[in-house]
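Engineer: okay, predicted coordinates and the sequence, questions at the end:
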Amino acid sequence: MRILIVDDEQSLLNQLKRTLEGLRYMVETALDGEDALDKLFDTPYDLIILDIMLPKQDGLSVLREIRQADITTPVLMLTARGESGDKVKGLDLGADDYLAKPFSLDELLARIRALFRRSGSQADAVLQAKGLRLDTISREVTKDGNPVDLTAREFSILEFLLYNKNRAVSRFNLAEHVWGDAFDPFSMSNFMDVHIKNLRHKIGDFGHGTIIRTIRGVGYIIKDEAQ
């Protein structure tokens with residue numbers, strides 16, 4: 001599942017990103033309303049965590065714009081404690097839930113799980129190709145019915161490739177989604193090769209019927225001829 005977190009508190013963004021990526025979610029962040037809208041109109045997300053108090057464009061106006069554009073992604077609004085008026089406005093504009101700051105991580109994670117359960121069927125949350133089955137909610141991976149134990153990075157790589165099934169994914173885009181701004185193409189150039197190698201080993205990707213194909217000079221693709 002892909003989550004966008006929008007908040008102008010860098011320390012909070014970093015903490016939430018680390019926590020959610022540790023649970024194998026794909027996480028992107030934005031520090032202001034304008035950056036959030038650029039990302040929302042460019043990339044599909046499964047959940048938006050949106051603070052109301054933002055620079056450049058506040059969270060309520062961001063919510064108004066995406067709902068007017070028929071973007072129905074679930075939105076969890078973050079509000080200042082005691083600001084009941086903002087909560088009402090957010091719900092009226094189409095927010096799915098709200099959480100008052102400061103909040104506990106356990107409560108946030110519970111709200112996220114509830115929104116994912118509410119927003120769609122389990123079938124929509126399952127990505128499949130060539131005997132591989134990845135459940136984006138339970139975070140479980142199987143190959144031909146057998147469980148596969150992946151690290152958080154390996155899970156994120158496989159999830160992104162399956163999201164883009166039958167489409168080539170560049171090495172840079174894949175690295176950017178997995179490592180975010182922490183990825184340095186100069187000092188970390190071999191990281192992707194190592195993770196792809198380990199991932200292929202764990203899913204039994206060798207011999208006839210390769211699952212993850214390397215496209216020389218471009219990146220990788222998972223092709224499913226049945227599609």
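Structural biologist: Perfect, I can see it now.
Engineer: any buried residues in the helix or strand of the chain with the lowest mean pLDDT, and which?
Structural biologist: Using mean pLDDT, DSSP states H and E, the weakest-scoring helix or strand in the chain turns out to be helix 84-93, at a mean of 75. For helix 84-93, the neighbour count (16 or more other CB atoms under 10 Å) marks 86-87, 89-90, 93 as buried. In short, each C-beta sits where N, CA and C put it, glycine included.
Engineer: stretch 134-153 now?
Structural biologist: Of the residues in stretch 134-153, those buried under the neighbour-count criterion (16+ other CB under 10 Å) are 134, 136, 141, 143, 148, 150, 153.
Engineer: equivalent analysis for stretch 101-117, please.
Structural biologist: Within stretch 101-117, the residues that count as buried by 16+ other CB under 10 Å are 108, 111-112, 115-116.
Engineer: just the C-alpha atoms of stretch 100-108, please, in CSV.
Structural biologist: Output in CSV follows, covering the C-alpha atoms of stretch 100-108 (Å, rounded to 0.1, in the frame of the first residue of the first chain):
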residue,chain,number,x,y,z
ALA,A,100,-5.9,15.1,17.0
LYS,A,101,-2.3,15.9,17.8
PRO,A,102,-0.4,14.8,19.7
PHE,A,103,-1.3,11.2,19.1
SER,A,104,0.2,7.8,19.8
LEU,A,105,1.7,5.7,17.0
ASP,A,106,-0.5,2.8,18.1
GLU,A,107,-3.6,4.8,17.6
LEU,A,108,-2.5,6.1,14.2
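Engineer: distance between it and the chain's centre?
Structural biologist: With CA atoms, centre = their mean, to the nearest Å as the basis, the distance from the averaged C-alpha position of stretch 100-108 to the chain average is 20 Å.
Engineer: can you tell me what sits against stretch 3-21?
Structural biologist: Identification of contacts with stretch 3-21 by CB atoms under 8 Å, 6 or more residues apart in numbering yields 25-33, 35-36, 39-40, 43, 45-51, 53-55, 59, 62, 78, 105, 108-109, 112, 152, 156, 180.
Engineer: okay, now the domains of the chain?
Structural biologist: In the domain annotation for the chain, the residue ranges read 2-119, 124-222 (automatic domain parsing).
Engineer: which stretch in those is the model least sure about?
Structural biologist: Of all the domains of the chain, the minimum mean pLDDT falls on domain 124-222 (a mean of 83).
Engineer: the chain: strands as residue ranges?
Structural biologist: Ranges of strands in the chain, per DSSP state E, are 2-6, 26-30, 47-51, 75-80, 97-101, 126-129, 132-135, 140-143, 146-147, 169-170, 212-215, 219-222.
Engineer: now, of those strands, which is deepest in the fold?
Structural biologist: Burial of the strands of the chain is given as mean neighbour count (mean count of other CB atoms under 10 Å); strand 47-51 ranks first at a mean of 25.
Engineer: so what does that strand touch, helix or strand wise?
Structural biologist: For strand 47-51, the packing partners by 3 or more CB pairs under 8 Å, 6 or more residues apart in numbering; DSSP states H and E come out as strand 2-6, helix 33-40, helix 59-68, strand 75-80, helix 105-119.
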